[in-house]
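A.B. asks: would you be able to build a 3D model of this:
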Amino acid sequence: MKPFNPKPRQCKACPQSFVPVRPMQTVCSPRCAMKKVRQDKVEERAQVRTRKESIKTLPVLKAEAQTAFNEFIRLRDAGKPCICCGQPLGEGDIGGAYDCGHYRSVGSAPQHRYNELNAHAQRKQCNRWGAGRAVDYRIGLIARVGLEAVEALEADNAVKKFTAEELREIRALYKAKVKELKKERA
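C.D. replies: As a prediction, the model looks like this:
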């Protein structure tokens, strides 16, 4: 067995040079050891987060993007009445909640899933139990955005397949918009 001949080393946690007491010592003090452990944990969590993000499937990314988009629409339209019936949002609803309703449904026009002109706050009675109330929705939509925009929305039937990267960008965009809206209202 070789005798331990310590040579000065650079501390892994701070810029100081030190002479180690043990062969595998990489830090100069217990304080730096704790600092190094915290740094390692942060790095490990970041790596795990990156790996988890990279293995997400398209349906999972689509759902996350949809959640962020819906939250933005609900915040954007919070003070406005229901697009269909004109009643205040939350009136008569269980828990006072309301939905992000789509004029052209996500199933029939997936290309408009994340289109802000196609989505507005809608009472749950109108959206879920009233099957969207498309005729009333159209009347309310014309009042808000105009007939030309509604006709352009109805005429656009181009097929759109979202890639994983596009869905990540959409999710990030609407999370940022939600954060900005909350900041403005605070």
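A.B. asks: secondary structure class of Gly101, three-state.
C.D. replies: Applying DSSP: H, G, I helix; E, B strand; the rest coil to Gly101 yields a three-state assignment of strand.
A.B. asks: touching, it and Lys124? I think so.
C.D. replies: No. Checked against Cβ atoms under 8 Å, the pair Gly101 and Lys124 is beyond contact range at 9.3 Å. No exception for glycine: its C-beta is placed from N, CA and C like everyone else's.
A.B. asks: of those two, which one has the most company?
C.D. replies: Gly101 (26 against 20; other Cβ atoms under 10 Å).
A.B. asks: what's the pLDDT at the closest residue to the more buried one other than its chain neighbours?
C.D. replies: Distance criterion Cβ to Cβ, 6 or more residues apart in numbering; nearest residue to Gly101, sequence neighbours excluded, is Gln122 at 3.1 Å. Here the pLDDT value assigned to Gln122 is 87.
A.B. asks: next, Gln122: phi, psi?
C.D. replies: phi -140, psi 140 (degrees, to the nearest 10).
A.B. asks: do the same with Ala158
C.D. replies: phi -70, psi 130.
A.B. asks: burial of it, as a residue count?
C.D. replies: With other Cβ under 10 Å as criterion, Ala158 counts 8.
A.B. asks: which non-adjacent residue is nearest it?
C.D. replies: In space, Ala158 is closest to Gln111, 5.9 Å off (Cβ to Cβ, 6+ apart).
A.B. asks: contacts only, for that neighbour.
C.D. replies: 156-160 (Cβ atoms under 8 Å, 6 or more residues apart in numbering).
A.B. asks: that one should be in a helix, yeah?
C.D. replies: Yes. According to three-state DSSP, the state of Gln111 is that of a helix.
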